[in-house]
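*Asks:* Sharing a model that was predicted from the sequence below.
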Amino acid sequence: MLHVLLLFINFLHPFYVSVTEIRHNERNKTLEVSSRMFFDDFEAALEKQYHVKIDILKPSDKKVVDKLIDDYIRKHLVLTVEGKKVSLQYTGYEIEEDGAWCYFTVPNVNKLNKVVVVDNILFEEHSSQINMIHVIAAGTRKSTKLDNPKDQAVFSF
């Protein structure tokens with residue numbers, strides 16, 4: 001009975017999580033960045049920040065949606081590689097079940113020894129937001145969890 005009650009409480013109390021993966025592609029000398037968040041939370045954040053009604057599932061103007069997503073993620077996900085801030089290049093997004101996957105690349109990353117990640121995606125939406133970060137370089141995967149308001153992690157390889 002207690003187990004059923006706990007499941008019911010979890011159902012009533014939603015959780016807020018995003019996942020960002022940063023993968024160093026040694027062959028192409030790029031970083032491949034993907035961020036996943038619940039699309040309804042993401043829509044709410046975009047609407048609040050840009051004061052527009054938005055539907056990322058069936059956008060009336062995909063170019064406008066792409067521009068808003070690009071701008072939002074670049075403001076809330078900042079990478080510093082080898083001591084230099086790098087610019088994310090937006091490549092698109094897709095919806096998978098209840099999540100929005102947003103994709104970016106960073107060119108000219110020959111080697112990844114150290115990356116500082118500032119990730120406050122959706123922090124303004126939910127005080128209990130958790131952002132998971134995975135960084136993969138030279139065959140090694142390192143991960144961490146950022147609990148709002150903590151928004152920075154350092155990965156060294």
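*Replies:* Okay, I see it. Residues are numbered from 1 along each chain as shown.
*Asks:* Need the contact partners of the helix or strand hosting residue 45.
*Replies:* In the assignment (DSSP states H and E), residue 45 maps to helix 39-50. Helix 39-50 is contacted from outside by 16, 52-57, 68-69, 71-72, 95, 98-100, 122, 124-126, using CB atoms under 8 Å, 6 or more residues apart in numbering. C-beta here means a position set from N, CA and C on the backbone, and glycine is covered the same way.
*Asks:* Please state the offset of the helix ranked longest in the chain from the chain centre?
*Replies:* Of all segments of type helix in the chain, defined using DSSP state H, the longest is helix 62-76. Centroid separation for helix 62-76 versus its chain: 12 Å, with CA atoms, centre = their mean, to the nearest Å.
*Asks:* same for it, what does it pack against?
*Replies:* Under the contact definition 3 or more CB pairs under 8 Å, 6 or more residues apart in numbering; DSSP states H and E, helix 62-76 sits against helix 39-50, strand 89-96, strand 99-106.
*Asks:* Rebuild the ones you listed as JSON lines, extending it with distance to residue 24 and mean neighbour count.
*Replies:* What follows is these, written out as JSON lines (distance: least, CB to CB, whole Å; neighbours: other CB atoms under 10 Å):
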{"stretch": "helix 39-50", "distance to residue 24": "26", "mean neighbour count": "17"}
{"stretch": "strand 89-96", "distance to residue 24": "15", "mean neighbour count": "14"}
{"stretch": "strand 99-106", "distance to residue 24": "9", "mean neighbour count": "20"}
